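predicted model and sequence follow; I will ask about them next.
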Amino acid sequence: MTYIGHILLLINPNKELPIYSTLVSQLYLSSTGRLCSSLPPHIFSSAERAYHMMQQERRPQCFILSGESGSGKTEACKHIVRHLTARSSPKGFGLEPRMKHVNCILEAFGHAKTPRNSNSSRFIKLLTIQFCENERTILRAHMYTYMLEKTRLVHLPPQQHNFRIFYLMAEGLSPEDKSALYLNNILAHRYLTRRTAGEGPPVAPASAQSREDLAAVKQALRALGFNKQEVDSVFTLLSAVLHIGDLRFTALTEANSAFPSDLQLLERVAGLLQVSANDLSTALTSDVQYIKGDVITRRHTVEVAEQYRDQLAKSIYGRLFYYLVNSINEYLHGQDDSAGDPAMEIGILDVFGFEEFQRNAFEQLCVNMTNQRLRLYVSEVLFQQEQAECLQEGITMEIPLSSNSHVAVLDFFLQRPQGLLYVLDEESQSLRPAEQTLYKRLSAQLDSSSICGLSLTMKDGNGNPPPNDQGPAFTVSHYAGQISYDLTGSLTKNKDSFPQNLLLTVKTSESVLLQQLFQSKLTQTGSLVPAALGRIALRGTKASLLLQRMPSVSPVNATSIPQQPRRYRDLTK
């Protein structure tokens, strides 16, 4: 570890070290904010300095954790939280033990194995910690999450894993629980495997470690206030998502109209979702519109039906993830309902790391462009601070401006209305999106304004456009090096609108949890708007009756387990 101005440079040791113990954390505590000069650079030192700057400057502080995938950003966040908890009064809000449950859930539902990192975060999180000025205690914390990589669920990249929770289920569920969820061989499901023709499905061996980790996830859900029936309903939805991915469609007419190939599987999916099988089949394979009293049915092709299938799975998983995040925020709210001083706050931004694989697709482009934009912003802020300090000391200083090529590359992707992401949105929403159209639009834009650091790759080397089923390919000069991207399939991956017929179908579900997920509105960033009364809507006589009808994961599912009463924020204030 070493300092570079306001930056602390860390190298991930990939193992536990004694320098992160509670005893070492105590050495960096300071009552005045002046740290002992004999102590070496440390993340505890940065946390201590942020706390005192918040007190002295009366304004919020923020950590930005940046680095390549696998560099230890998530672990660094845990160390910062540990030190800030240790330096606050023991009478305050017990944040660290709660964060263990929070991290357990987020890592299960939001992390995945990649070639670079066995526990890679596939979303952005911002944790804010609010302090009470008078008592020097932690009042509450709040978790904001962005950009969950939902495409991973339905488009599994080569040599990578899906979200970690599915593998914990595969290796940690008992045979009885697997049988109750129709998951006798979880890894055989299409969303979790990329088999070649003639290759048999992989089999997940039972693992004592996965069994412990899965038990920890269930315990964390219980700590958030979920009763046993609600925990079971979470795993029922996860099973439903895997079975949705196995649905296939066949064209049985000359018009290429899609029909479900396996009616028994359709019935099973409908049973797990607790909706009508006929309604689900109709919603997946057709659009029904009512125009001036007439009912007009338009049948889908197999391709469109498969897109609707994947969109249903992505929507259920994404909403479930953000529902858990909202429950986490209720859990982190604390007992004190006072508003608190907004200036007394420390934020920790943990962005998924810069990554480069053998084949870099739309997902890597989003990850790396986010890192590029963040790095540009941080560089500008740091140089402004350095310039201000030099001016105070009477030192003249030349400010190295940000590389124009990096700014131009970011504009090409992010600028309205002609940036790649906005063009991608337009093409994704068209009735018949085509990779070739996207290629032509972006090629014309690059031809009209040459951008240093970015080039459109021609596949045959003669300047000819790629085949119709192949998307544009770019080579981008990032701050971390030159990376090539293949955007084939990006139009499908970028689609995130939920068909109205599917929405109406899932809203008829008798599953209380599924109803909760789709009754809630979405924010502009895709997360769920927290309900004014939290999960209290699940309580009551009707809820009890519905919960009793949920598919159970074990024979003792109906057992009533006492729990502490939940507290809910009144967001109307």
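On my side now, so go ahead. Numbers count the residues shown, from 1 in each chain.

could you check the pLDDT of the residue nearest the centre of the chain?
Nearest to the mean C-alpha position of the chain, by Cα atoms, centre = their mean, lies Leu148 at 2.5 Å. Note for Leu148: predicted pLDDT of 95.

isn't it up against Phe321?
Yes: Leu148 is within contact range of Phe321, at 5.7 Å (criterion: Cβ atoms under 8 Å). Backbone N, C-alpha and C define where each C-beta goes, glycine included.

identify the contacts common to those two.
Both Leu148 and Phe321 are in contact with Gly110, where contact means Cβ atoms under 8 Å, 6 or more residues apart in numbering.

at which residues are the strands of the stretch 301-450 of the chain located?
Remark: strands assigned in the stretch 301-450 of the chain by DSSP state E, counting those that start in this stretch are 345-350.

kindly report the same for the stretch 151-300 of the chain.
249-251, 258-260, 286-291, 294-299.

which outside residues touch the first one?
This means strand 249-251. Residues outside strand 249-251 that contact it (Cβ under 8 Å, 6+ apart): 257-261, 284-285, 301-302, 305-306, 309.

helices - which of those residues land there?
Applying DSSP state H to those, the entries found in helices are 284-285, 302, 305-306, 309.

so which of those is the most crowded?
Using other Cβ atoms under 10 Å as the neighbour test, the ones in helices among the contacts of strand 249-251 are led by Leu284, with 28 neighbours.

ok, and the closest non-adjacent residue to it?
Distance criterion Cβ to Cβ, 6 or more residues apart in numbering; nearest residue to Leu284, sequence neighbours excluded, is Tyr308 at 5.1 Å.

I figured the one you found hits Ala283, correct?
Yes: using Cβ under 8 Å, Tyr308 is in contact with Ala283, at 7.5 Å.

what's the overlap in contacts for the two?
By Cβ under 8 Å, 6+ apart, the residues touching both Tyr308 and Ala283 are 499, 502.

could you export stretch 75-94 as CSV, CA atoms only?
C-alpha atoms of stretch 75-94 as CSV (Å, rounded to 0.1, in the frame of the first residue of the first chain):
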residue,chain,number,x,y,z
GLU,A,75,-13.0,-6.5,0.1
ALA,A,76,-11.7,-3.0,0.5
CYS,A,77,-15.2,-1.8,1.0
LYS,A,78,-15.6,-4.3,3.8
HIS,A,79,-12.4,-3.0,5.5
ILE,A,80,-13.6,0.6,5.3
VAL,A,81,-17.0,-0.3,6.9
ARG,A,82,-15.2,-2.2,9.6
HIS,A,83,-13.0,0.7,10.6
LEU,A,84,-15.8,3.3,10.5
THR,A,85,-17.9,1.0,12.7
ALA,A,86,-15.0,0.5,15.1
ARG,A,87,-14.4,4.2,15.6
SER,A,88,-18.1,5.0,16.3
SER,A,89,-19.7,4.7,19.7
PRO,A,90,-20.7,1.1,20.6
LYS,A,91,-24.1,2.5,21.6
GLY,A,92,-24.9,3.3,18.0
PHE,A,93,-26.2,1.3,15.1
GLY,A,94,-24.5,-2.0,14.7
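
how distant is that stretch from the center of its chain?
On the basis of Cα atoms, centre = their mean, to the nearest Å, stretch 75-94 sits 24 Å off its chain's mean C-alpha point.

and for that stretch, what are the contacting residues?
The contact list for stretch 75-94, computed with Cβ under 8 Å, 6+ apart, reads 10, 12, 20, 22, 25-26, 28-29, 43-44, 46-48, 51, 63, 65, 95-96, 99, 103, 127, 129, 131-132, 135-141, 334-336, 346, 348, 350.

pLDDT of it, averaged?
Averaging pLDDT along stretch 75-94 yields 86.

got the buried residues for that stretch?
For stretch 75-94, the neighbour count (16 or more other Cβ atoms under 10 Å) marks 75-88, 92-93 as buried.

on that earlier part again, which of the contacts of strand 249-251 has the weakest pLDDT?
Ranked by pLDDT, these bottom out at Ser257, which scores 88.

residues in contact with that one?
251, 285, 299-301.

just the buried residues of those residues.
The buried subset of the contacts of Ser257 - by 16+ other Cβ under 10 Å - is 285, 299-300.

just to revisit the earlier point, which of the ones in helices among the contacts of strand 249-251 sits closest to Ala240?
Arg309 (12.1 Å; Cβ to Cβ).

burial check on Leu454, number of neighbours?
Counted with other Cβ under 10 Å, Leu454 comes out at 17.

against Gly70, how distant is it?
To Gly70, Leu454 is 26 Å away according to Cβ to Cβ, to the nearest Å.

Gln429 reaches Asp496, doesn't it?
No: Gln429 is not in contact with Asp496 according to Cβ under 8 Å; the separation is 10.1 Å.

of those two, who's got more company?
Taking other Cβ under 10 Å, Gln429 and Asp496 do not tie; Asp496 has more neighbours (15 against 12).

give me the secondary structure label for that one.
With DSSP: H, G, I helix; E, B strand; the rest coil as the basis, Asp496 sits in coil.

so who does it touch?
Contact analysis of Asp496 by Cβ under 8 Å, 6+ apart lists 150, 311, 314, 526.

let's see that with 10 Å instead.
150-151, 311, 314-315, 318, 425, 428, 522, 526 (Cβ atoms under 10 Å, 6 or more residues apart in numbering).

now do Gly340
Contacts of Gly340 by Cβ under 10 Å, 6+ apart are 130-133, 139-140, 334.

make CSV out of these and add pLDDT.
CSV is the format used below for the contacts of Gly340 (pLDDT from 0 to 100):
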residue, pLDDT
Gln130, 93
Phe131, 91
Cys132, 86
Glu133, 77
Leu139, 89
Arg140, 92
Gly334, 77
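
which of the residues you listed fall in helices?
Nothing among those maps onto helices, per DSSP H.

and the two most separated of those residues?
The most widely separated members of the contacts of Gly340, counting by Cβ to Cβ, are Glu133 and Gly334 (15.4 Å).

who has more neighbours, those two?
Legend: neighbour count by other Cβ under 10 Å for Glu133 and Gly334, higher for Gly334 (21 against 14).

got the phi/psi numbers for the more buried one?
Main-chain dihedrals, Gly334, degrees, to the nearest 10: phi 80, psi 180.

surely it is in contact with Ala141?
Yes: counting by Cβ atoms under 10 Å, Gly334 does reach Ala141; the two are 7.9 Å apart.

helix, strand or coil for the residue nearest to the centre of the chain?
At Leu148 the chain is in coil, as set by three-state DSSP.

residues contacting it?
109-110, 122-124, 163, 314, 317-318, 321-322, 325, 525-527.

using CSV, write down the CA coordinates of stretch 185-195.
Extracted C-alpha coordinates of stretch 185-195, given in CSV (Å, rounded to 0.1, in the frame of the first residue of the first chain):
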residue,chain,number,x,y,z
ASN,A,185,-29.9,-31.8,-11.9
ILE,A,186,-29.7,-28.0,-11.8
LEU,A,187,-26.7,-27.7,-14.1
ALA,A,188,-28.7,-29.4,-16.9
HIS,A,189,-30.9,-26.3,-17.3
ARG,A,190,-30.2,-24.3,-20.4
TYR,A,191,-29.4,-21.0,-18.6
LEU,A,192,-26.5,-22.7,-16.7
THR,A,193,-24.8,-24.7,-19.4
ARG,A,194,-23.3,-24.3,-22.9
ARG,A,195,-23.3,-27.9,-24.2
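
can you give me the buried ones in it?
Applying 16+ other Cβ under 10 Å to stretch 185-195 flags 186-192 as buried.

output the below-cut-off pLDDT ranges for the stretch 451-573 of the chain.
453, 457-471, 532-573 (pLDDT under 70).

related to what we said a few turns ago, how about the strands of the stretch 151-300 of the chain, which one is nearest Leu514?
Across the strands of the stretch 151-300 of the chain, Leu514 has its closest neighbour in strand 258-260 (20.1 Å, Cβ to Cβ).
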